[in-house]
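Enquirer: Sequence unavailable; structure follows:
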């Protein structure tokens, strides 16, 4: 399933759906997302602390990156 989102209008959501990732397949998205997550999360390495505190840190890092959002549509329109 692929979903278009717009904070502006339904027409904006439809346009975003058409404009973003035109060669979409689930396999491509999964491969790309896994590579991006690994690259992003791999930028930071910590030493020290207990295994529990390290796990807490990495969990918080993951959560902070979980839902990045751009509020403008693909054409640059911003919500009012």
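Expert: All right, it came through fine. Source: prediction; values computed, not measured.
Enquirer: Could you use CA atoms for every contact and neighbour count after this?
Expert: Will do.
Enquirer: Just give me how far stretch 17-27 sits from the chain centre.
Expert: Centroid separation for stretch 17-27 versus its chain: 14 Å, with Cα atoms, centre = their mean, to the nearest Å.
Enquirer: Any chance you could list what contacts that stretch?
Expert: For stretch 17-27, the surrounding residues in contact (Cα atoms under 8 Å, 6 or more residues apart in numbering) are 2, 3, 4, 5, 74.
Enquirer: distance between the ends of that stretch?
Expert: Start-to-end span of stretch 17-27 (Cα to Cα, to the nearest Å) is 18 Å.
Enquirer: now do stretch 68-80
Expert: Span of stretch 68-80 from end to end, Cα to Cα: 20 Å.
Enquirer: Now that stretch: buried residues?
Expert: 73, 74 (16 or more other Cα atoms under 10 Å).
Enquirer: ok, and what's touching that stretch?
Expert: Contacts of stretch 68-80 (Cα under 8 Å, 6+ apart): 6, 7, 8, 12, 13, 15, 16, 19, 20.
Enquirer: Could you export these as a markdown table, including neighbour count?
Expert: Below are the contacts of stretch 68-80 laid out as a markdown table (neighbours: other Cα atoms under 10 Å):
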| residue | neighbour count |
| --- | --- |
| 6 | 21 |
| 7 | 15 |
| 8 | 15 |
| 12 | 19 |
| 13 | 18 |
| 15 | 17 |
| 16 | 19 |
| 19 | 13 |
| 20 | 11 |
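Enquirer: Just want the phi and psi numbers for residue 73.
Expert: Dihedral pair for residue 73: phi -80, psi 170, per degrees, to the nearest 10.
Enquirer: ok so, going back, widest-spaced pair of the contacts of stretch 17-27?
Expert: Greatest spatial distance in the contacts of stretch 17-27: 2 and 74, 15.7 Å, computed using Cα to Cα.
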